[in-house]
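Student: Got a predicted structure plus its sequence, pasted below:
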Amino acid sequence: MLGRLPLAEQLDVFRSVLGRNEVLTEVMARTATLGLPGWYVTAGCLFQTVWNVATGRPPTQGIRDYDVFYFDDTDLSWQAEDAVIKTGQEVFDDLRAEVEIRNEARVHLWYERKFGVPCPPYDSTEAAIDRFAATTCCLGVRLEPDRGWRVYAPHGLSDVFNLVVRPNPVLAPRAVYDAKTARWKEEWPELTVLPWPAGAPE
């Protein structure tokens, strides 16, 4: 059971497994050239790559997009973020994958309108990753200037390796968790999806 390995060994396996997704490694390499502050490739493209490899599927199967988060609170205008998005579109243009770039310093400006609950301003990309609807989603990976990997995994990697999806009721409403897990369960029926905890905000 990979989830029972010592953490250092889990990290080695995690990097090795992600390395089998050539689209993901290319997204990481190209994002590194953009010079975005505090950036990470994050969320589904990471844990879903692990699920695919663990269940014998092609590494990219079922992955809808590749999320890139960064944090720049020096300019919260949509125009500044849009300029980064457009630059990214040029950088990723020939990849057969959708890459979605978002400035997490701006999330509080639109989150309530989209999801119906207020979101306090984040102070870092890591703070945004901490608030995904499932702890399994709380992952970020980036290439450092020395080409080493920085892995952010505040809830560890055991659930990811064990195909367990665990709710994280700190911001996103239950409906977001339910919708995401229903789609994931269809694509990866081997998953164990844990229920939304009783008494947690709906």
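Tutor: Perfect, I can see it now. Numbering: from 1, shown residues only.
Student: quick one: contacts for the residue most central in space within the chain?
Tutor: Central residue of the chain (CA atoms, centre = their mean): Ala43, 1.4 Å from the mean position. Neighbouring residues of Ala43 by CB atoms under 8 Å, 6 or more residues apart in numbering: Asp67, Ile129, Phe132, Cys137, Leu139. Where C-beta positions appear, they are placed from N, C-alpha and C, glycine not excepted.
Student: pLDDT score assigned to the third one?
Tutor: This means Phe132. Looking at Phe132, its pLDDT reads 96.
Student: next one: Met1
Tutor: With respect to pLDDT, Met1 has a value of 68.
Student: Just give me the neighbour total for His155.
Tutor: When neighbours are defined as other CB atoms under 10 Å, His155 has 17 of them.
Student: do Pro58 as well
Tutor: The number of residues packed near Pro58 is 11, by other CB under 10 Å.
Student: Would you tell me what helix or strand the closest residue to it other than its chain neighbours is located in?
Tutor: In space, and not counting its chain neighbours, Pro58 is closest to Asn52: 6.4 Å by CB to CB, 6 or more residues apart in numbering. In this assignment (DSSP states H and E), Asn52 forms part of helix 44-54.
Student: pLDDT weak spots in the protein?
Tutor: 1-3 (pLDDT under 70).
Student: Strands of that one, residue ranges please.
Tutor: Secondary structure of the chain by DSSP state E: the strands cover 40-42, 66-70, 99-103, 140-143, 149-152, 164-165, 192-193.
Student: contacting residues around the residue nearest to Pro58?
Tutor: The contact partners of Asn52, taken as CB under 8 Å, 6+ apart, are Asn21, Pro58, Pro59, Thr60, Gln61, Gly62, Ile63, Trp188.
Student: Pop out the phi and psi values for the second one.
Tutor: Translated: Pro58. With angles defined as degrees, to the nearest 10, Pro58 sits at phi -60, psi 140.
Student: so how far is the helix holding Asn52 off the chain centroid?
Tutor: Put simply, helix 44-54 sits 11 Å off its chain's centre (CA atoms, centre = their mean, to the nearest Å).
Student: now the helices: where do they sit in this protein?
Tutor: In the chain, the helices defined using DSSP state H lie at 7-18, 22-32, 44-54, 78-91, 111-115, 125-129, 158-161, 174-187.
Student: Show me what the second one packs onto, helices and strands only.
Tutor: Identification of packing neighbours for helix 22-32 by 3 or more CB pairs under 8 Å, 6 or more residues apart in numbering; DSSP states H and E yields strand 40-42, helix 44-54, strand 66-70, helix 78-91, strand 140-143.
Student: mind checking which of the ones you listed is nearest Pro169?
Tutor: helix 44-54 (18.4 Å; CB to CB).
Student: Between strand 99-103 and the closest one, find me the angle.
Tutor: Put simply, helix 44-54 runs at 140 degrees to strand 99-103, going by axes from the mean of the first three to the mean of the last three CA atoms, to 10 degrees.
Student: Enumerate the positions of helix 44-54 that are buried.
Tutor: By neighbour count on 16 or more other CB atoms under 10 Å, the buried set for helix 44-54 is Gly44, Cys45, Leu46, Phe47, Gln48, Thr49, Val50, Trp51, Asn52, Val53, Ala54.
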